[in-house]
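K.L.:
Here is a sequence with its predicted model. Questions after.
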Amino acid sequence: MSKFSIAATDVIVVKRDEKAIRLTKKVAFDKFNEDILGLGAINKESNQVNGLSVIFDLEGFTTFCKQIDPHLAVPEYLSIFLKWIFEAIRKELIQKEYDEGYKTWSDLPFLSKYLGDGILFLWNTEKMGEVEIINIVASMFQICEQYKTKFLPKIARDISSPPTKLRCGIARGTIYSVGNGNDFVGPCINMSARLQKLNSLSFCFSRRGINLNKMSPGYRNIFIVKKTDIRGIGDEELVCVIRKEFEKLEASDKEKFKDPM
């Protein structure tokens, strides 16, 4: 998000036909352009990166913002939540602590972006093995569980009606830099955005490029592979969802999923 404002010194009052007219100086007015996005040289050729896109979404955040005096509750909630989720990612990726630093299950995200009711995290998978990628998926699953079992009960004691569920969509693919690399686009980002709100499921990841056989049996048994239509992506996409959540879906929702051949 990029903010723009006109300073008081950039506003003048002139008289025309005995009427006072409030004007914004042209030099200030023209500063409202694409440069405020902070992307740098937008026409610069993109760099391609093999990446993993993770989008967390707070279910019910819009309703939460409509409560009485949201200017008090929302900032307090967000300050606690954002601190918690970054700390949770750090903790989940620590394999072992040494005096000098940490040995991690995978690298940390190279890009983090607040989306209003959620957060986008991007990992560079260029030098990652399949196990490292699976480790990220497992860690994000644990974070969603921790929101429900630890974070939510605690924050509900201080803030009324906080968002009840943290949803997550994950997809792997090629991403492309925009401008000087301050932002990225790519089909896998779109895919993860679609997956985080697939029916009423809280956790979903694309099967493409994520090898379930590399998962430990404990995690592998949590998920089930299904084929479904992803709007704007494809009508036979293989996705992995939480088995217990899928079993609780209404029959009409289950019909949207098919068993892979």
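P.N.:
Received, thanks.
K.L.:
Now do the SS call for Leu78.
P.N.:
Here Leu78 takes the helix state, with states given by DSSP: H, G, I helix; E, B strand; the rest coil.
K.L.:
And it, how far from Asp117?
P.N.:
10 Å (CB to CB, to the nearest Å). Yep, even glycine has a C-beta here, placed from its N, CA and C like the rest.
K.L.:
can you check Gly40 too?
P.N.:
For Gly40, the distance to Asp117 (CB to CB) stands at 27 Å.
K.L.:
Check which residues of stretch 60-78 are buried.
P.N.:
Buried residues in stretch 60-78, counted by 16 or more other CB atoms under 10 Å: Phe61, Phe64, Ala73, Tyr77.
K.L.:
distance of the closest residue to Glu132 other than its chain neighbours from Ile136?
P.N.:
Of all residues not flanking Glu132 in the chain, Ser106 sits nearest, at 4.2 Å (CB to CB, 6 or more residues apart in numbering). Distance from Ser106 to Ile136, counting by CB to CB: 5 Å.
K.L.:
again, but for Asn221
P.N.:
Distance of Asn221 to Ile136, given as CB to CB: 19 Å.
K.L.:
So for these two, which sits in the more crowded spot?
P.N.:
Ile136 (27 against 10; other CB atoms under 10 Å).
K.L.:
Going along the chain, name the strands of the stretch 51-200 of the chain.
P.N.:
94-97, 102-104, 111-114, 118-124, 165-178, 183-185 (DSSP state E, counting those that start in this stretch).
K.L.:
As JSON lines, those strands with mean neighbour count, mean pLDDT and distance to Leu201 would be great.
P.N.:
Supplementary listing: the strands of the stretch 51-200 of the chain in JSON lines, determined by neighbours: other CB atoms under 10 Å; pLDDT from 0 to 100; distance: least, CB to CB, whole Å:
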{"stretch": "strand 94-97", "mean neighbour count": "10", "mean pLDDT": "94", "distance to Leu201": "28"}
{"stretch": "strand 102-104", "mean neighbour count": "13", "mean pLDDT": "94", "distance to Leu201": "28"}
{"stretch": "strand 111-114", "mean neighbour count": "15", "mean pLDDT": "94", "distance to Leu201": "23"}
{"stretch": "strand 118-124", "mean neighbour count": "21", "mean pLDDT": "96", "distance to Leu201": "15"}
{"stretch": "strand 165-178", "mean neighbour count": "22", "mean pLDDT": "96", "distance to Leu201": "8"}
{"stretch": "strand 183-185", "mean neighbour count": "17", "mean pLDDT": "94", "distance to Leu201": "25"}
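K.L.:
Among those strands, which comes closest to Met215?
P.N.:
Across the strands of the stretch 51-200 of the chain, Met215 has its closest neighbour in strand 165-178 (13.2 Å, CB to CB).
K.L.:
Partner strands of the closest one, with direction?
P.N.:
Using DSSP bridges, strand 165-178 pairs in its sheet with strand 48-59 (antiparallel), strand 183-185 (antiparallel), strand 203-206 (parallel).
K.L.:
So for Ile21, which of those sits nearest?
P.N.:
Proximity of the strands paired with strand 165-178 to Ile21 was assessed by CB to CB; the nearest stretch is strand 183-185, lying at 38.8 Å.
K.L.:
Count residues in the vicinity of Ala28, would you?
P.N.:
Neighbours around Ala28, by other CB under 10 Å: 14.
K.L.:
isn't it right up against Ala8?
P.N.:
No: with contact defined as CB atoms under 8 Å, Ala28 does not reach Ala8; the gap is 10.6 Å.
K.L.:
just to revisit the earlier point, indicate which one of the strands of the stretch 51-200 of the chain is closest to Arg194.
P.N.:
Nearest of those (CB to CB): strand 165-178, 6.7 Å.
K.L.:
tell me the angle of that closest one relative to strand 118-124?
P.N.:
Calculated by axes from the mean of the first three to the mean of the last three CA atoms, to 10 degrees, strand 165-178 forms an angle of 50 degrees with strand 118-124.
K.L.:
Much appreciated, bye for now.
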